[in-house]
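In: Prediction below, plus the sequence it came from.
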Amino acid sequence: MNLVVNGNAESGPGGSAEPVGKVTGWEVRDGAPALIAYSLGGGYPTPADPGPPARGSRFFSGGNSPLTSLAQDIVLPARGRTGRAHVDAGRVRYTLAGWLGGYAGQEDGARLSVEFRDGRGTPLALSVLGPVTAAERQSRTALVERTASAAVPPGARTARVLLVLTRSGGGTSNDGYADAISLTLTATGGDK
Amino acid sequence: MTGLDRRDLLKAAGAAGALNLAWPLSAGLSPAQAREAAEALGADYDPAPFTLGVASGDPQPHSVVLWTRLAPEPLAAEQRLPEIVEVEWVVAADPRMRRVVARGTVPASATLGHSVHVPVSGLSSGTRYWYAFKALGRTSRTGRTKTAPVGDIASVRFVAANCQAFHDGFYAAHRGIAREDVDFVLHLGDYIYEHGQVGGVPADVVRDHEGPAVFTVADYRRRHALYKGDASLRDAHAAHPWFLTWDDHEVANDYSGTGGGAPFLQRRAAAYQAWYENMPHRDAGTRSLPDPVIHRTRRWGGLLELTILDLRSYRSAQNLADGTILGAEQKSWLKRNVDGAPDSWHVWANSIMLSQLRGRPGGPYMFTDQWDGFLAEREEVLNHVHTSGLEDLVVVTGDWHSAFVDDIRPDFDDTSSPVIGTEFTAHSITSGAYSADWNRTNGPVMGAANPHLKYFEGNRYGYDVYEVTPRRFNDSDNAAGGTSQR
């Protein structure tokens, strides 16, 4: 199960290149993102550009701010096969995934990270994806998949997912793009 | 078999005509061999897995952060360790660790370089403690720390250190710091340098970086590990709690935290993550890694308020009319703190020079990477200090590899502008200073160009000790001349 709410930018206001003040499931920390429809055109990613194979209708972009960031604090499950007892026994792994990209040869970018914290907020684990460079996109407008997987450390109780969209150089459009963001937990070993 | 002794290594490298390449990660050396090579040429490490030592940081009245990082092969890109290693920690009221006051376990994750950061709470204020870690059947060295006092205190004594280029000398200054009787250490940045090798060992330099410029998390981890290969640095960490800020070389020379495209931002994130992994930093938690929050205010009893500034993460480009060195959020925070400041000494930990510095009378600023490149914001902040009535401001600065004492004025070009504080800029630990000739020629010129500049001394290396009482703020310059000595 994806623990990230609205990781595919499908919920809430948006659909154009106009920045939005609120995003369902996310706290807007810096700037203001735009949740752009793949059908918008105008140089933005289209359904024909590289991106998630089962993509929805919209993706995240950085809007018009040089730095736009969105955060989501997730309380890890208390019970079940990926619940606290199994986390504390070292039997749960996580996978962070997202499709990250940018525009043509520009170096605007999207960075996705997750920080696992204990009950007092101390960082216990970290995975960082991106930002994807123009070279990694072969200098074409595209979103490419990035994933990271690791053990959930014993004592972890929350996870903060952070999406940072950055503009480089001049212009107004922040063309860091992201879609299909997910954080999943997997039980490993026996159910003791 | 990884047997390499110093003589064999130097002989082989010399025969190849590439002594610099043998230091210490020439092609074909395994991590263990590389470590052995490093040790043969002067680096050394604590016993595994606590090779990088122990540290404590961010002391508060009832809490301090304990740090260590498991790195059995400190220069290896990947440690041969389980993905998660359980680390025990213990805090005692005596150096023999008999009167235990707190203990626990914490997981060390490979995703954070097997580092641990333990915020120990429930401690007594103004009290010395000792601490150690256990993991994989081994026990670390014992570290010593101290919590902040509360209420009226007679004095505080602390050290400021900065700029410790590994290739420029040995850490005699850190050996001195380790032996000082101080309450805490304040590091003002340039803890590591990001560039590649600078010359051959021992022909050109006493020691050198382990490889080319660093870009990835693995690169920066290795660079931090190299720097902690100087026992004096580990001793200084183990002896005192540290407060930390950073300057540019923790990432890249003269960088702006808000500039650059995706390739640079990949590098910056890697550098920030590795910095966190290798420092006794208590992250504020208001944002999240890999962007640690460094700026904060701490108090040492009722005597001293310490304001730690981050002059890299949020700065714009230099020389813009609306440029910022603090960023909007940190600037607002700083001004609010000035408004609500207690009646005490106010010390700003400031990585890069605040005071104006012209190269010749009426001439251009010498370096606009420092506050001179952010004129409007400096004027706004200093005017706010003045109009708010803040008194007893002392700014402690690094970066310049030389010692300065400046009067701080809201308008440095107006000698009738009020003096609202003093800036002490400290010598570097090792990073290369200007020559004695340069100082003789340029010192008087700088003095004439900057009437607020009261003292200048270059070509020496060391650290400053500050002794503060309710009535006096004394700066002792503990510097050695010429080149830094072992």
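Out: Here it is on my side, so go on. Numbers count the residues shown, from 1 in each chain, chains lettered A, B, ... in the order given.
In: Am I right that residue A:12 sits in a helix?
Out: No: applying DSSP: H, G, I helix; E, B strand; the rest coil, one finds residue A:12 to be coil, outside a helix.
In: Tell me where the stretch 351-486 of chain B is predicted with low confidence.
Out: The stretch 351-486 of chain B contains residues with pLDDT under 70 at B:481-486.
In: ranges for the helices of it?
Out: Applying DSSP state H, counting those that start in this stretch to the stretch 351-486 of chain B gives helices spanning B:375-388, B:436-449.
In: Show me what the first one is packed against.
Out: The helices and strands touching helix B:375-388, judged by 3 or more CB pairs under 8 Å, 6 or more residues apart in numbering or on different chains; DSSP states H and E, are helix B:328-339. Any C-beta I mention is one placed from the backbone N, CA and C, and that applies to glycine too.
In: Of the helices of the stretch 351-486 of chain B, which stretch is the most buried?
Out: helix B:375-388 (a mean of 17; mean count of other CB atoms under 10 Å in any protein chain shown).
In: If you tally nearby residues, what's the number for residue B:304?
Out: 24 (other CB atoms under 10 Å in any protein chain shown).
In: I misspoke; the intended subject was residue B:351.
Out: Residue B:351: 26 surrounding residues under other CB under 10 Å.
In: show me the contacts for it.
Out: Taking CB atoms under 8 Å, 6 or more residues apart in numbering or on different chains as the criterion, residue B:351 is in contact with B:162, B:188-190, B:245-247, B:309, B:311-312, B:397-399.
In: mind listing which of those residues are in strands?
Out: residue B:397 (DSSP state E).
In: now, the most widely separated pair of the contacts of residue B:351?
Out: Across these, the longest distance by CB to CB is 14.9 Å; it joins B:190 and B:309.
In: Please identify which of these two sits among more neighbours.
Out: Counted by other CB under 10 Å, residue B:190 and residue B:309 do not tie: residue B:190 has more neighbours, with 26 against 22.
In: wait, what's in contact with that one?
Out: Residue B:190 neighbours (CB under 8 Å, 6+ apart): B:162-165, B:246-250, B:351, B:398-399, B:428, B:431.
In: now those residues: which count as buried?
Out: Listed as buried from the contacts of residue B:190 are B:162-165, B:246-250, B:351, B:398-399, B:428, B:431; burial here means 16 or more other CB atoms under 10 Å in any protein chain shown.
In: What parts of chain A come near chain B?
Out: A:29, A:66-67, A:71, A:90, A:102, A:106-109, A:111, A:113, A:115, A:117, A:120-128, A:130-135, A:150-151, A:153-155, A:160, A:162, A:166, A:168-169 (CB under 8 Å from any CB of the partner chain).
In: how about the strands in the stretch 51-200 of chain B?
Out: Secondary structure of the stretch 51-200 of chain B (DSSP state E, counting those that start in this stretch): strands located at B:54-60, B:63-69, B:84-92, B:100-109, B:115-120, B:128-135, B:138-139, B:143-146, B:156-161, B:184-187.
In: quick one: which of the ones you listed is nearest chain A?
Out: strand B:100-109 (3.8 Å; CB to the nearest CB).
In: Just the angle for the closest one relative to strand B:63-69, thanks.
Out: 50 degrees (axes from the mean of the first three to the mean of the last three CA atoms, to 10 degrees).
In: what's the spacing between the nearest residue to residue B:119 once chain neighbours are set aside and residue B:233?
Out: Spatially, and ignoring its direct neighbours in sequence, residue B:119 is nearest to residue B:65 (5.1 Å; CB to CB, 6 or more residues apart in numbering or on different chains). Using CB to CB, to the nearest Å, we find residue B:65 at a distance of 18 Å from residue B:233.
In: now residue A:32: how far from residue B:280?
Out: 36 Å.
In: How about residue B:162?
Out: From residue B:162 over to residue B:280 (counting by CB to CB), the distance is 17 Å.
In: if we can go back for a sec, JSON lines please, covering the helices of the stretch 351-486 of chain B and showing distance to residue B:108.
Out: JSON lines is the format used below for those (distance: least, CB to CB, whole Å):
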{"stretch": "helix B:375-388", "distance to residue B:108": "40"}
{"stretch": "helix B:436-449", "distance to residue B:108": "46"}
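In: residue contacts, residue A:173?
Out: Contacts of residue A:173 by CB under 8 Å, 6+ apart are A:17, A:61, A:62, A:64, A:103, A:108, A:167.
In: What residues of stretch B:253-269 count as buried?
Out: B:255-269.
In: Model confidence for the residue nearest to residue B:119, exactly?
Out: For residue B:65, the pLDDT comes out at 98.
In: So it sits against residue B:121, correct?
Out: No: with contact defined as CB atoms under 8 Å, residue B:65 does not count as touching residue B:121 (10.2 Å).
In: who's more crowded, those two?
Out: The neighbour comparison of residue B:65 against residue B:121 (other CB under 10 Å) goes to residue B:65, with 24 against 11.
In: mind checking how far that one is from residue A:71?
Out: Taking CB to CB, one finds residue B:65 at 23 Å from residue A:71.
In: what do you get for residue A:29?
Out: 5 Å.
In: Can you report how many residues lie near residue 32?
Out: Reading this off chain A. 18.
In: Correction: the question concerned chain B.
Out: 15.
In: To which secondary structure element is the residue of chain A found nearest chain B assigned?
Out: In chain A, the residue found nearest to chain B is residue A:107; the distance is 2.5 Å by CB to the nearest CB. Residue A:107 is part of no helix or strand, with elements assigned from DSSP states H and E.
In: Could you do residue A:56 as well?
Out: Assigned by DSSP H and E, residue A:56 belongs to no helix or strand.
In: dump the residue contacts of it.
Out: Listed by CB under 8 Å, 6+ apart, the contact set of residue A:56 reads A:8, A:9, A:10, A:179.
In: isn't the third one right up against residue A:57?
Out: Yes: counting by CB under 8 Å, a contact exists between residue A:10 and residue A:57, whose distance comes to 6.5 Å.
In: List the contacts of the closest residue to chain A within the stretch 251-400 of chain B.
Out: Across the stretch 251-400 of chain B, the shortest distance to chain A (CB to the nearest CB) belongs to residue B:261, at 2.5 Å. The contact partners of residue B:261, by CB under 8 Å, 6+ apart, come to A:106, A:107, A:108, A:109, A:133, A:134, A:166, A:168, A:169.
In: gap between it and residue A:71?
Out: On the measure of CB to CB, residue B:261 and residue A:71 end up 23 Å apart.
In: try residue B:256
Out: 23 Å.
In: for residue B:237, same thing?
Out: From residue B:237 to residue A:71 the distance is 32 Å (CB to CB).
In: Compare those two and say which is more crowded by neighbours.
Out: Between residue B:237 and residue A:71, counting by other CB under 10 Å, residue B:237 is the more crowded of the two (27 against 18).
In: Show the subsequent helix or strand relative to the lowest-mean-pLDDT helix or strand in chain B.
Out: Lowest by mean pLDDT, DSSP states H and E among the helices and strands of chain B is helix B:6-15, with a mean of 37. Later in the chain than helix B:6-15, the nearest helix or strand by DSSP H and E is helix B:31-40.
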